[in-house]
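Q: Show me how the following folds:
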Amino acid sequence: MSGEFEGNVQIIKKDNIEIRVLRDKCISVATCVVYGPKTFDLDEKNIAIIKEGDWDTFEKIVSAAEACPVYAIEVYKDGEKVYPRS
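A: Numbering: from 1, shown residues only. Reported below is the predicted structural model:
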């Protein structure tokens, strides 16, 4: 796995986008992988992780986060939280 970790939260920043995976919340449904296959994967414990390399478009990343039934993915752009809206 790559990126920074704060507790059990994986955080990766690339350009003006930041993604956080709240690994304690993940229930392995893998909708994030379906909607954002270049950005998300499951690790050996079937918990979501953020991949290195080229990511999907910003719109696909947000769609992947929205598809997560337990809100385990947070997306930020230019320092502002885009999803989920509080």
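
Q: where's residue 75 relative to residue 44, distance?
A: Plainly put, residue 75 is 25 Å away from residue 44 if you go by Cβ to Cβ, to the nearest Å. No exception for glycine: its C-beta is placed from N, CA and C like everyone else's.

Q: Compare the two and say which is more crowded by neighbours.
A: A side-by-side neighbour count of residue 75 and residue 44, using other Cβ atoms under 10 Å, places residue 75 first with 20 against 6.

Q: so that one, which of the three states?
A: Secondary structure state of residue 75, per DSSP: H, G, I helix; E, B strand; the rest coil, is strand.

Q: Tell me the pLDDT of residue 7.
A: pLDDT, residue 7: 83.

Q: For it, give me its contacts.
A: Under the criterion of Cβ atoms under 8 Å, 6 or more residues apart in numbering, residue 7 has no neighbours.

Q: where's it relative to residue 36, distance?
A: 23 Å.

Q: and the residue nearest to residue 70 when sequence neighbours are not counted, what helix or strand is that in?
A: Residue nearest to residue 70 in three dimensions, not counting chain neighbours: residue 25, with 4.9 Å by Cβ to Cβ, 6 or more residues apart in numbering. Using DSSP states H and E, no element contains residue 25; it sits outside every helix and strand.

Q: Kindly report the same for residue 66.
A: Going by DSSP H and E, residue 66 is in helix 58-67.

Q: which other helices and strands contact that helix?
A: Judged by 3 or more Cβ pairs under 8 Å, 6 or more residues apart in numbering; DSSP states H and E, the packing partners of helix 58-67 are strand 17-22, helix 31-35, strand 73-77, strand 80-83.
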